[in-house]
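Student: Here is a sequence together with a model predicted from it:
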Amino acid sequence: MEGGLYTERILAPETTDHFLWIVIVGAFGAFFAAFGIGANDVANAFATSVGAKALTIKQAVVLAGIFEFLGAVFLGSHVTKTIRSGIADTECFEDNPGILMYGNMCVVYTTGFWLLLASFFELPVSTTHSTIGGIVGMAITYRGPDCVVWYEKADLFPYLKGISAIVASWVLSPVLSAVIAVALFLFMRTFVLRSPDSHKRAIVVFPFLVTATIAVNVFFIVYKGAKGLGLDDTTIPVAFAWALGLGGGVGLAMIPTVLPYMRRNIAAKFNEDGTLKPVAAVEEKEKQSGVVGFVINQLNKDVHSSVKESEYVSQIHDNAEQFDPRAEEAFKYVQVFTAICDSFSHGANDVANAMGPFASIYIVYTTGVVSSEGDLGDNAFWILALGGFGIVTGLAIYGYKIIAAIGVKIAKITPSRGFAIELGSAMMIIIGTRLEIPLSTTHCQVGATTGVALLEGTGGVNGTVLGKAVFGWIITIIVCALTCSVIFAQGAYAPYVYDTIDLPTSTSSS
């Protein structure tokens with residue numbers, strides 16, 4: 001701190017050995033937090049795809065296993081740095097590195113606990129705010145509010161750092177995501193979906209939509225994103241060239257490969273008038289027993305059951321404008337690409353939320369000092385991989401709750417709408433990741449979904465689900481700050497065995 005309020009303390013190797021238990025317990029806690037992120041924030045990547053029936057939960061798990069991990073490895077380190085050192089002033093802990101390790105251990109367990117509790121109540125809360133709330137509660141409990149980075153100036157938009165930047169993102173992320181998603185859907189609705197030959201136009205624009213989706217991801221990977229690939233200092237023109245080249249190449253490759261398959265598949269599933277051909281009845285899957293059976297049963301959950309069971313949800317779906325089902329079928333293919341894009345950006349942003357505090361624990365343990373510039377080095381891979389594995393596990397076992405809430409109950413999601421929602425939110429998330437602002441992917445996804453749904457009028461949005469989501473956003477930081485504060489205080493201010501104090505003994509006789 002300025003003025004030498006705290007003196008830096010370097011822990012000797014034999015001293016950090018005393019805190020090995022924090023590293024071990026913290027690793028389990030980081031996995032626990034990542035599991036909660038998979039169970040709750042999975043809606044940000046795959047709820048619209050599953051809700052639109054473009055993907056099954058099983059397929060979503062496979063894609064998440066690949067692209068959540070890749071997003072975490074290539075881009076996650078940027079947000080990990082912000083979560084690790086951009087919220088609490090690390091100088092407040094320089095005189096006691098061990099207490100920072102313990103505090104961050106409390107943060108990951110608080111995050112995991114709240115996310116699972118919120119998932120149980122179908123509250124799509126922000127994992128970013130959960131982590132930040134825990135850090136704020138821990139920092140205030142230890143040194144007071146001065147140890148929280150409330151405001152700092154920055155060179156990049158929104159020209160803020162710390163809590164103020166995050167508060168600004170609460171408004172900016174859902175609003176801007178909604179604007180982008182609405183613009184995309186209005187364009188598609190005007191020029192494709194409402195045309196007499198919409199299914200033919202949907203096939204024609206497919207390569208262009210794939211190009212745009214791939215280009216968005218490639219640009220932000222290349223432009224100071226993929227540090228591990230040596231592309232950390234790439235200029236904007238070079239990044240654009242990479243994006244257009246790879247995006248255009250993939251789009252062109254779709255013409256001789258995917259387009260003929262799309263045409264054959266649509267012709268096989270639909271009649272000339274656009275009605276669906278009769279299909280064989282699907283047998284109801286029997287419930288399995290055992291541990292493996294439990295996971296299979298979770299993957300087979302019917303997330304669309306609320307449409308039949310709830311008159312309110314059914315009415316919301318009926319209010320949505322219906323388009324040619326053949327055009328919607330064509331959009332299923334492009335939605336797979338946008339789901340991958342969303343999954344990649346989700347991994348970049350949210351794996352960092354789970355792994356940022358644990359990264360701080362590990363750096364203090366290995367170096368013995370508190371530093372905002374600490375580098376994980378070769379250990380970044382396995383730490384981010386641990387988070388990616390936890391997210392996929394949480395998605396597979398408990399993700400159906402939030403998928404049902406965001407993908408089915410909040411609004412009618414079709415493949416064309418899902419495409420606009422996913423690409424709009426992904427663009428906003430990746431922009432925030434590169435600006436090192438830990439955005440809420442929940443805010444982006446719900447904002448984009450609400451924006452597109454409101455094009456049908458107020459009757460296109462489930463006010464109850466949306467209200468629950470907003471309520472969850474409001475209380476998340478408060479709940480996590482208070483919870484982490486209690487857990488942290490219980491350990492930090494309890495009696496300890498190392499460097500014990502010799503208490504004076506009484507010499508008086510009774």
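Tutor: That came through, no problem.

Student: Break down the stretch 1-150 of the chain into its helices, ranges please.
Tutor: Assigned by DSSP state H, counting those that start in this stretch, the helices in the stretch 1-150 of the chain fall at 13-16, 20-40, 48-51, 57-85, 97-120, 127-143.

Student: who wins for proximity to residue 384 among these?
Tutor: helix 57-85 (4.3 Å; C-beta to C-beta). Just so you know, the C-beta spots here come from the backbone N, C-alpha and C atoms, and that holds for glycine as well.

Student: Do you know the pLDDT at the closest residue to residue 195 other than its chain neighbours?
Tutor: Setting aside the residues directly before and after it, residue 195 is nearest to residue 201 in space (C-beta to C-beta, 6 or more residues apart in numbering), at 5.5 Å. For residue 201, the pLDDT comes out at 93.

Student: Assign residue 201 to helix, strand or coil.
Tutor: helix (DSSP: H, G, I helix; E, B strand; the rest coil).

Student: Next, count neighbours for it.
Tutor: Using other C-beta atoms under 10 Å, residue 201 has 19 neighbouring residues.

Student: related to what we said a few turns ago, quick check: which of the helices of the stretch 1-150 of the chain is buried the most?
Tutor: helix 48-51 (a mean of 31; mean count of other C-beta atoms under 10 Å).

Student: Who are the packing partners of that helix?
Tutor: With contacts taken as 3 or more C-beta pairs under 8 Å, 6 or more residues apart in numbering; DSSP states H and E, helix 48-51 sits against helix 57-85, helix 325-367, helix 415-434.

Student: Please identify which of those is closest to residue 403.
Tutor: The nearest among the helices and strands packed on helix 48-51, by C-beta to C-beta, is helix 57-85 at 6.9 Å.

Student: Residue 360 touches residue 100, doesn't it?
Tutor: Yes: at 6.6 Å, residue 360 counts as touching residue 100 under the criterion of C-beta atoms under 8 Å.

Student: hmm, back to that, turn the helices of the stretch 1-150 of the chain into a markdown table, including distance to residue 444 and mean pLDDT.
Tutor: Listed next are the helices of the stretch 1-150 of the chain as a markdown table, based on distance: least, C-beta to C-beta, whole Å; pLDDT from 0 to 100:
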| stretch | distance to residue 444 | mean pLDDT |
| --- | --- | --- |
| helix 13-16 | 39 | 54 |
| helix 20-40 | 14 | 91 |
| helix 48-51 | 12 | 90 |
| helix 57-85 | 14 | 70 |
| helix 97-120 | 17 | 92 |
| helix 127-143 | 10 | 88 |
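
Student: export these to JSON lines and tack on distance to residue 365?
Tutor: What follows is these, written out as JSON lines (distance: least, C-beta to C-beta, whole Å):
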{"stretch": "helix 13-16", "distance to residue 365": "5"}
{"stretch": "helix 20-40", "distance to residue 365": "5"}
{"stretch": "helix 48-51", "distance to residue 365": "39"}
{"stretch": "helix 57-85", "distance to residue 365": "14"}
{"stretch": "helix 97-120", "distance to residue 365": "6"}
{"stretch": "helix 127-143", "distance to residue 365": "17"}
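
Student: do you know which of these lies nearest residue 432?
Tutor: Comparing those by C-beta to C-beta, helix 57-85 comes nearest, at 8.4 Å.

Student: Out of the helices of the stretch 1-150 of the chain, which is closest to residue 305?
Tutor: helix 48-51 (12.4 Å).

Student: Please save the CA atoms from the closest one in PDB.
Tutor: Output of helix 48-51 as PDB, limited to C-alpha atoms (Å, rounded to 0.1, in the frame of the first residue of the first chain):
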ATOM      1  CA  THR A  48     -30.800 -22.000 -26.600                       C
ATOM      2  CA  SER A  49     -29.400 -24.900 -28.800                       C
ATOM      3  CA  VAL A  50     -31.000 -27.500 -26.700                       C
ATOM      4  CA  GLY A  51     -34.200 -25.400 -26.300                       C
END
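
Student: hmm, who's touching that helix?
Tutor: Helix 48-51 has contacts (C-beta atoms under 8 Å, 6 or more residues apart in numbering) with 55-57, 60, 303-304, 335-336, 338-339, 403, 406-408, 413, 417-418, 421-422, 445, 449.

Student: next one: stretch 167-180
Tutor: 158, 160, 423-425, 427-428, 432, 437-440, 443-448, 450-452, 473.

Student: Write a PyMOL command that selects only the buried members of these.
Tutor: Buried residues within the contacts of stretch 167-180, by 16 or more other C-beta atoms under 10 Å, are selected in PyMOL with:
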select buried, resi 160+423+424+425+427+428+432+437+438+439+440+443+444+445+446+447+448+450+451+452+473
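
Student: mind listing which of the contacts of stretch 167-180 are in helices?
Tutor: Applying DSSP state H to the contacts of stretch 167-180, the entries found in helices are 423-425, 427-428, 432, 443-448, 450-452, 473.

Student: From the residues you listed, which one has the minimum pLDDT?
Tutor: Confidence-wise, residue 432 trails the rest of the ones in helices among the contacts of stretch 167-180, at 71.

Student: Which residue is the nearest non-sequential neighbour of that residue?
Tutor: Using C-beta to C-beta, 6+ apart, the closest residue to residue 432 is residue 439 (3.6 Å).

Student: for residue 340, same thing?
Tutor: Using C-beta to C-beta, 6+ apart, the closest residue to residue 340 is residue 67 (5.2 Å).

Student: Surely that neighbour is in contact with residue 336?
Tutor: No: Residue 67 is not in contact with residue 336 according to C-beta under 8 Å; the separation is 11.1 Å.

Student: circling back to that earlier point, now, of the contacts of helix 48-51, which are buried?
Tutor: The buried subset of those - by 16+ other C-beta under 10 Å - is 55, 57, 60, 303-304, 335-336, 338-339, 403, 406-408, 413, 417-418, 421-422, 445, 449.

Student: got any ranges where the stretch 351-500 of the chain has weak pLDDT?
Tutor: 351-354, 370-379, 433-438, 496-500 (pLDDT under 70).

Student: go with 90
Tutor: Within the stretch 351-500 of the chain, the ranges that satisfy pLDDT under 90 run 351-393, 395-405, 422-445, 457-459, 469-474, 477, 490-500.

Student: give the contact list for residue 416.
Tutor: Applying C-beta under 8 Å, 6+ apart, the residues near residue 416 are 185, 188-189, 192-193, 202, 323, 327-328, 331.

Student: Need these in CSV (columns: distance to residue 133 and neighbour count).
Tutor: Below are the contacts of residue 416 laid out as CSV (distance: C-beta to C-beta, whole Å; neighbours: other C-beta atoms under 10 Å):
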residue, distance to residue 133, neighbour count
185, 33, 24
188, 38, 24
189, 39, 19
192, 42, 24
193, 41, 23
202, 43, 28
323, 41, 22
327, 43, 25
328, 40, 23
331, 38, 28
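
Student: Can you tell me which of the helices and strands packed on helix 48-51 is nearest to residue 23?
Tutor: Short answer: helix 325-367, nearest of those by C-beta to C-beta, at 5.1 Å.

Student: downstream neighbour of that closest one in the secondary structure list?
Tutor: Counting by DSSP states H and E, the element after helix 325-367 in chain order, helix or strand, is helix 379-398.

Student: C-terminal to that next one, what's the next element?
Tutor: Following helix 379-398 in sequence, per DSSP H and E, is helix 400-404.

Student: Show me what that following helix is packed against.
Tutor: Using 3+ C-beta pairs under 8 Å, 6+ apart, helix 400-404 is in contact with helix 20-40, helix 57-85, helix 97-120.

Student: so can I have JSON lines of these showing distance to residue 395?
Tutor: Output for the helices and strands packed on helix 400-404, formatted as JSON lines (distance: least, C-beta to C-beta, whole Å):
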{"stretch": "helix 20-40", "distance to residue 395": "4"}
{"stretch": "helix 57-85", "distance to residue 395": "5"}
{"stretch": "helix 97-120", "distance to residue 395": "11"}
